[in-house]
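**Student:** got a structure for you, letters missing:
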């Protein structure tokens, strides 16, 4: 399944919202695979999930802060 850059920014397919700035940094650092179709930047769902698993830290809970 192909996911367009704008769709990833708004959140799609049970994936979290990822801003265009974060996407651009990940592409620049070659952390996130992507292809260009015409003028559109697109990702495969598997690529995004792999990047999320390796780069996103879990949010702190209230119990951890106390």
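**Tutor:** That came through fine. Since we're looking at a predicted model, the values are computed, not measured.
**Student:** any idea of the mean pLDDT for the longest helix seen in the chain?
**Tutor:** For the chain, the longest helix by residue count, based on DSSP state H, is helix 45-55. Across helix 45-55, pLDDT averages out at 90.
**Student:** Name the residues of it that are buried.
**Tutor:** 48, 51 (16 or more other C-beta atoms under 10 Å). All C-beta spots, glycine's among them, are computed from the backbone N, C-alpha and C.
**Student:** who touches that helix?
**Tutor:** Outside of helix 45-55, the residues within contact range by C-beta atoms under 8 Å, 6 or more residues apart in numbering are 1, 3, 8, 13, 15-16, 18, 26, 31-34.
**Student:** and the angle from whatever helix or strand residue 24 lives in to helix 45-55?
**Tutor:** Using DSSP states H and E, residue 24 sits in helix 20-28. Angle between the axes of helix 20-28 and helix 45-55 is 90 degrees (criterion: axes from the mean of the first three to the mean of the last three C-alpha atoms, to 10 degrees).
**Student:** on that earlier part again, out of the contacts of helix 45-55, give me the one that has the most neighbours.
**Tutor:** Counting neighbours by other C-beta atoms under 10 Å, residue 8 leads those with 24 neighbours.
**Student:** Which strand or helix spans it?
**Tutor:** helix 5-10.
**Student:** buried sites along that helix?
**Tutor:** Neighbour-count burial for helix 5-10, with 16+ other C-beta under 10 Å as criterion, is recorded at 5, 8.
**Student:** that older thread, possible to save the contacts of helix 45-55 as a markdown table with secondary structure?
**Tutor:** Putting the contacts of helix 45-55 into a markdown table (DSSP: H, G, I helix; E, B strand; the rest coil) gives the following:
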| residue | secondary structure |
| --- | --- |
| 1 | coil |
| 3 | strand |
| 8 | helix |
| 13 | coil |
| 15 | coil |
| 16 | coil |
| 18 | coil |
| 26 | helix |
| 31 | coil |
| 32 | coil |
| 33 | coil |
| 34 | coil |
